[in-house]
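Colleague: Please work out how this folds:
(one chain, ligands or ions: 1)
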Amino acid sequence: MNKLEISREVLDDTDPRLRQKCVEWRADSVPASELKRLLMEMKETMRQEGGVGLAAPQVGVGLRVFVMEAQGNMRYGEISDIPFQAFINPKIEKYGKKTGKFEEGCLSVRDCRISMMRPKHLVATWLDENLRPRRKRLKGVEARIFQHEYDHLDGILIKDYLPEEWQNLV
Ligand SMILES: [Zn+2]
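Modeller: Numbers count the residues shown, from 1 in each chain. Predicted coordinates:
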């Protein structure tokens, strides 16, 4: 069966695997047991690195999968706790009208924080870690992390939002 090749280290932004357009997870191409292993490894790596989110391409896997978790003081100081969650084949149904700024960092773009304007709310659908379909209106930090990780699935990094002449500096 198709065994996933999962990097133990978070890839840095020079790695072409971060630029791939990821494909949806399907049980007939990747067995559920392999997906589960991917989620476990991603959870471990995210915790080790002190991140609040991690997308599959960041560990070299081109699937539309990401995880998030925030507990107390981590890289982002005081933010509300978010339990561990996996998002498999996430889709954004609609965005809220209001936007807000938040300083984002990325485990793949070291030493870089960018104040990003994004919609504050969104409605999304996905499969959770038990492969149950979910639909929810996300807000706050959860909505923010969702959008950051979702970008990764399309090969987009936070530094892409900078003016071109700055991009080589980060
Ligand atoms: Zn990132």
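
Colleague: Gly72 and Thr45: what is the separation?
Modeller: 19 Å (CB to CB, to the nearest Å). The C-beta positions use only the backbone N, C-alpha and C, and glycine is treated the same way.

Colleague: show me the contacts for Gly53.
Modeller: Met46, Phe66, Val67, Met68, Glu69, Ile145, His148, Glu149 (CB atoms under 8 Å, 6 or more residues apart in numbering).

Colleague: any idea how far Lys43 is from the residue nearest in space to the middle of the chain?
Modeller: Centroid check for the chain by CA atoms, centre = their mean gives Glu149 as the closest residue, at 2.4 Å. Relative to Lys43, Glu149 is positioned 14 Å away (CB to CB).

Colleague: Same check on Pro163?
Modeller: Pro163 is 35 Å from Lys43, by CB to CB.

Colleague: Which one's more surrounded, those two?
Modeller: The neighbour comparison of Pro163 against Lys43 (other CB atoms under 10 Å) goes to Lys43, with 16 against 6.

Colleague: list the helices and strands the strand or helix carrying that one packs on?
Modeller: Secondary structure assignment for Lys43, by DSSP states H and E: helix 32-49. For helix 32-49, the elements it packs on are strand 53-55, strand 65-70, strand 82-95, judged by 3 or more CB pairs under 8 Å, 6 or more residues apart in numbering; DSSP states H and E.

Colleague: Sheet-wise, list the partners of the second one with their directions.
Modeller: In this case it means strand 65-70. Paired neighbours of strand 65-70 in the sheet (DSSP bridges): strand 53-55 (antiparallel), strand 82-95 (antiparallel).

Colleague: Now do the helix or strand of the chain with the lowest mean pLDDT: which elements does it pack against?
Modeller: Lowest by mean pLDDT, DSSP states H and E among the helices and strands of the chain is helix 164-167, with a mean of 74. Applying 3+ CB pairs under 8 Å, 6+ apart, we find helix 164-167 packed against no helix or strand.

Colleague: okay, now the spatially closest residue to Asp12 that is not a sequence neighbour: neighbour count?
Modeller: Excluding the flanking residues, the one nearest Asp12 by CB to CB, 6 or more residues apart in numbering is Ser108, at 5.7 Å. Residues lying near Ser108 (other CB under 10 Å) number 22.
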